[in-house]
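> this one's structure only:
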């Protein structure tokens, strides 16, 4: 036997016992090859100890107490998006229609009050979805979480800048439209983020 | 003679089926759990937690990590239960999923560790190996825990859990040849540790 052949056979040894012929060949080879002899002895000694290992080890504390709440959070995430998506869709249609009507018809001061009320609705909706996302993020892989949160940071920065500009020019209807668009983008993104794990 | 103390408590569950009520079959419990029955899922957990915890403990080499990995595995099982079609035994399906969850977490942990201290596997061996007490015999589980991560993963999956090198290569993202080399390395290191 060559070194490669001996090592190939030792991969499954001692789980797969050697035949008499294989044992003779390996004994002959290892009597003159220290490297293969070391592998042969290691496989024999360690293999014998592995056979005595427990395959079933009970954890020192009851881990179920940490699992049950996470199952409930996951179920909540599964059950909620259907009505949440419907609610978000209705909200988006209502807000878009109202903003359009407001910008075209209402006097500036009245339109501003209406927009503030709608912005509060947007903020409430994004807060709810952010809370839902917080419950979801622990089930995502670190890489997915990093991508989601990097994108979310970009959207939040755009929203923050638009709101800051609107504070400086509160009667500017174009800025109101930009703020509304940024909120819509955030809501849509959060909706996607909270369903990511279900789709993967 | 002093004996080597295990770094973690080790108790063998004498009756892994204890959570199964009389007359309720495993298939019914799996089906109920798949339909969202928490109690049925808890029964599955009680039935399989020892096997998953042993795997997590040996692959991570750390009892605290094993706790959180075991929890992660069962949360993932809950999420994926609807994809279990019964084509293999439930225990086999769960074990494979557990290996995937644990290895995925370990890969992230190793990447994080490498960003902090750029040390290779060989350097880590010297750091990780426990100092033997004179006249003591090292327990195999303690010796496995002290192996470098790459060698430990291959040894546990191949020699303890019975995976083939092609499967290990697929699961851990290494070449089958690398898996074999890590196995021989792990065995030699373990032999050395056991003979101290």
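Looks like it arrived, so ask away. Everything numeric in this text was worked out from a predicted model, so none of it was measured.

> what's the burial count for residue 152?
Picked chain A for this. For residue A:152, the count of nearby residues is 16 (other CB atoms under 10 Å in any protein chain shown). Where you see a C-beta, it was placed from the backbone N, CA and C, and this is true even at glycine.

> wait, chain B
Residue B:152 - counted by other CB under 10 Å - has 24 other residues nearby.

> what of residue B:180?
There are 19 residues near residue B:180, going by other CB under 10 Å.

> these two touch, right, it and residue B:166?
No: using CB atoms under 8 Å, residue B:180 is not in contact with residue B:166, being 10.6 Å away.

> so which strand or helix has the closest residue to residue A:169 other than its chain neighbours?
Distances taken as CB to CB, 6 or more residues apart in numbering or on different chains place residue A:175 nearest to residue A:169, at 6.0 Å, with adjacent residues excluded. Following DSSP states H and E, one finds residue A:175 within helix A:173-193.

> measure residue A:156 to residue A:163 for me?
Between residue A:156 and residue A:163 the computed distance is 10 Å (CB to CB, to the nearest Å).

> what sits against the residue nearest the centre of chain B?
For chain B, residue B:55 is the residue whose C-alpha lies nearest the centre (CA atoms, centre = their mean; 2.2 Å). Counting by CB atoms under 8 Å, 6 or more residues apart in numbering or on different chains, residue B:55 touches B:95, B:98-99, B:102, B:156, B:161.

> and of these, the nearest to chain A?
Of all the contacts of residue B:55, chain A sits closest to residue B:161, with 8.5 Å by CB to the nearest CB.

> so which residues of the chain form helices?
All of this is about chain A. Per DSSP state H, chain A carries helices over the ranges A:3-10, A:20-30, A:34-50, A:64-105, A:108-136, A:142-168, A:173-193, A:196-199.

> looking at chain B here, not the other one
B:26-34, B:38-60, B:63-80, B:90-116, B:121-128, B:140-145, B:149-155, B:165-172, B:176-194.

> any idea which of those helices is most buried?
Counting by mean count of other CB atoms under 10 Å in any protein chain shown, helix B:149-155 has the highest mean neighbour count of the helices of chain B, with a mean of 24.

> distance between that helix and the chain's centre?
A distance of 11 Å separates the C-alpha centroid of helix B:149-155 from that of its chain, computed with CA atoms, centre = their mean, to the nearest Å.
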